[in-house]
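Enquirer: Quick one, what's the 3D model for this:
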Amino acid sequence: MLLLTLGTAAGGGVPQWNCACPGCSGARAHHDRRRTHDSLAVIGDEPSSWFLVNAGPDVTDHLEAHAALRPGPGDARTPVVRVLLTDAELDHTIGLLRLREARHIEIHATEPVRRALRDRLGLDATLTPYTTLSWHDLPRTGQNPAVVAGIETSAVHLSAKRPRYAADAPEDSGWVAAVRLHDPVRGTTALYAPALAEWSGEFAEEAAAADCVFVDGTFWDDEEPRRSGVSSRTSTGMGHLPVHGPGGTAERLAKLPARCLYTHLNNTNPLVDPSAPQHGVLAGRGLEVAQDGMVIEL
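Expert: Residues are numbered from 1 along each chain as shown. Purely as a prediction, here's the structure:
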């Protein structure tokens, strides 16, 4: 199982078009600091056996950037695109519209996410004139996993945080999930959690058993949103456990045997600057910050 970190930024990317904070200004001056919206490609044993976890606005650029995800050879077209979703947020789903040239799109998601995309965003009505859609359940861990491109997939339910366009929808723990990816041939497991509001017992159990864990790195500390003017709420109040400080995830991740990487970085997070001292703090605990285009083999 190969994991391609297609993008590693939170909503808006780095730089964000309407922002001149140090992170965005630095990314404009130094191209290697740019980050696209978080997304993961998972490649199985067969060359054409791959799928995406989340499809943001950069999705077609992501596909074009990696030879293994391109169509070919000759006149061949990509016949089907498979996408697993961690939530219904626009930053993780509007890329589905950019995939409309595909002959068929398979979407795997939890029930509340499917309902929001179909009923609130009208994804069926918008896309079916262009392509064929099929919807599939992303089963919760402990149930029979869904096998996608040879990989066993399931969801660790994380929180009932709904996207703003579905703020009045019923609460459900499946609104935000981590995706568990298990390669039955090699016996390896990855856990992908770009949004993490609570370190639950279920998540802790799955993280302890994984070989590689991607975790929400939106904000460095709990006060960053207030300090930067992004929000009047704390990081935790916005549904993202901070990396560092009280209630942060770094201390927990450092105890795990897995390779642990942070993704979904906000433009205000000092970690978007590779020279920031915060990288040394993480390195001292054996933790990494994921970069766009990284390849991890499990």
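
Enquirer: from here on, contacts and neighbour counts on C-alpha atoms
Expert: Noted.

Enquirer: where's D172 relative to N54, distance?
Expert: 20 Å (Cα to Cα, to the nearest Å).

Enquirer: Compare the two (neighbour count), which wins?
Expert: Taking D172 and N54 together and counting by other Cα atoms under 10 Å, N54 has the greater number of neighbours (29 against 17).

Enquirer: my guess is that one contacts L40, does it?
Expert: Yes: counting by Cα atoms under 8 Å, L40 is a contact partner of N54 at 7.0 Å.

Enquirer: Number of residues surrounding the spatially closest residue to V148 that is not a sequence neighbour?
Expert: Spatial nearest neighbour of V148, excluding adjacent residues (Cα to Cα, 6 or more residues apart in numbering): F51 at 7.6 Å. Taking other Cα under 10 Å as the neighbour definition, F51 ends up with a count of 21.

Enquirer: Can you name the element that comes right after the helix or strand hosting F51?
Expert: Secondary structure here is read from DSSP states H and E; on that basis F51 sits in strand 50-53. As assigned by DSSP H and E, the chain's next helix or strand after strand 50-53 is helix 59-65.

Enquirer: Point out where the stretch 151-298 of the chain drops to low pLDDT.
Expert: Under the criterion pLDDT under 70, no range of the stretch 151-298 of the chain is flagged.

Enquirer: one more time with 90
Expert: Judged by pLDDT under 90, the stretch 151-298 of the chain has its weakly predicted residues at 247.

Enquirer: so where do the helices sit in it?
Expert: Here the stretch 151-298 of the chain has its helices, by DSSP state H, counting those that start in this stretch, at 201-209, 224-228, 250-253, 278-283.

Enquirer: Mind putting these into TSV with distance to T141?
Expert: Below are the helices of the stretch 151-298 of the chain laid out as TSV (distance: least, Cα to Cα, whole Å):
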stretch	distance to T141
helix 201-209	9
helix 224-228	32
helix 250-253	20
helix 278-283	29
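
Enquirer: From D119, how far out is A125?
Expert: Taking Cα to Cα as the criterion, A125 is separated from D119 by 10 Å.

Enquirer: typed the wrong thing, it's L6
Expert: Between L6 and D119 the distance is 29 Å, computed by Cα to Cα.

Enquirer: if you count what's nearby, which of those two comes out ahead?
Expert: With other Cα under 10 Å as the criterion, L6 and D119 differ in neighbour count, and L6 comes out ahead with 28 against 13.

Enquirer: how much space is there between P163 and G95?
Expert: Distance from P163 to G95, by Cα to Cα: 16 Å.

Enquirer: swap in R164?
Expert: Counting by Cα to Cα, the gap from R164 to G95 is 18 Å.

Enquirer: what ranges do the helices span in the stretch 1-150 of the chain?
Expert: Along the stretch 1-150 of the chain, the segments classed as helices by DSSP H, counting those that start in this stretch run 22-29, 59-65, 90-93, 95-98, 111-115, 123-127.

Enquirer: Understood, closing this out.
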